[in-house]
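[1] Using only what follows, build the 3D model:
(chains A and B)
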Amino acid sequence: NAGVTQTPKFQVLKTGQSMTLQCAQDMNHEYMSWYRQDPGMGLRLIHYSVGAGITDQGEVPNGYNVSRSTTEDFPLRLLSAAPSQTSVYFCASSNPGSRAFFGQGTRLTVV
Amino acid sequence: AQSVTQLGSHVSVSEGALVLLRCNYSSSVPPYLFWYVQYPNQGLQLLLKYTSAATLVKGINGFEAEFKKSETSFHLTKPSAHMSDAAEYFCAVSEGRDDKIIFGKGTRLHILP
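    Have a look, this model is predicted:
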């Protein structure tokens, strides 16, 4: 099993550009989440989904969109990148009350 | 809403000494609690989890944590630190029903030779 796969691993964007971070899981997990990790801030929840067709905002949703059309995929869209979105992004999946499985992360730099 | 507080953004211990990383949580329902470890330039790995069974939870690499409801704490311990334990450690809480997992800000553990 691949687990949770995130692509790309690295990305540099110019301010104002848009892009989509991809996340796929093959464990048939109901829940998927996106976090960003910044020094001294831990992991902050951006958006999460409790199942296909259902999404909700986390702690820091502004500037990001998500959709969950299938159980497997949970892409994160940056509509108009800003330098404040420079971060490491992690996707995670889990079943209720169980541990989360994390992808290897996407290091995004916005210049 | 659930939240997690980790006391100390950096903790230094000597090799062979006791490791104690502190975590306090708030939750409106009996929580699920987790400790994760992150080595440099890597993703997160689960060390252990508490899901309302035994209050003393044993994890990988000799770590364990004790759930204390009266203190709303879930501190992580290891009797004898090893150089390979140097990493960042995150405590996390979930209320289970919608499985949002909220993380603390992390504690970076330094091991002194």
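[2] only C-alpha atoms for contact and neighbour calcs from this point on.
    OK.
[3] With adjacent residues omitted, what lies nearest to the residue positioned nearest the centre of chain A?
    With distances taken as Cα atoms, centre = their mean, residue A:34 lies nearest the centre of chain A, 3.1 Å away. Nearest residue to residue A:34, sequence neighbours excluded (Cα to Cα, 6 or more residues apart in numbering or on different chains): residue A:91, at 4.6 Å.
[4] List the contacts of the one you found.
    Contacts for residue A:91 (Cα atoms under 8 Å, 6 or more residues apart in numbering or on different chains) come out as A:4, A:6, A:23, A:32, A:33, A:34, A:35, A:102, A:103, A:105.
[5] Find the closest residue to chain B in chain A.
    Residue nearest to chain B within chain A: residue A:42 (3.7 Å; Cα to the nearest Cα).
[6] Now do the contacts for that residue.
    Residue A:42 is in contact with B:90, B:103, B:104, B:105, B:106, counting by Cα under 8 Å, 6+ apart.
[7] same deal with residue A:13?
    Residues in contact with residue A:13 (Cα under 8 Å, 6+ apart) are A:81, A:108, A:109, A:110, A:111.
[8] Phi and psi next, for residue A:72.
    Torsion angles at residue A:72 (phi, psi; degrees, to the nearest 10) stand at phi -80, psi -30.
[9] Quick check, pLDDT for it.
    pLDDT, residue A:72: 96.
[10] Next to chain A, which bits of chain B? Give me the list.
    B:9, B:32, B:34, B:42-46, B:49, B:51, B:90, B:94-106 (Cα under 8 Å from any Cα of the partner chain).
[11] Now which of these would you call buried?
    Using 16 or more other Cα atoms under 10 Å in any protein chain shown as the burial test, the residues of chain B next to chain A include B:9, B:32, B:34, B:43-46, B:49, B:51, B:90, B:94-96, B:98-106 as buried.
[12] List the ones among the residues you listed that fall in strands.
    B:32, B:34, B:44, B:45, B:46, B:49, B:90, B:94, B:101, B:102, B:103 (DSSP state E).
[13] If we ignore the residues flanking it in sequence, what's nearest the closest residue to chain A within chain B?
    Per Cα to the nearest Cα, residue B:105 is where chain B lies closest to chain A, at 3.7 Å. In space, and not counting its chain neighbours, residue B:105 is closest to residue A:42: 3.7 Å by Cα to Cα, 6+ apart.
[14] Kind regards, and thank you for your time.
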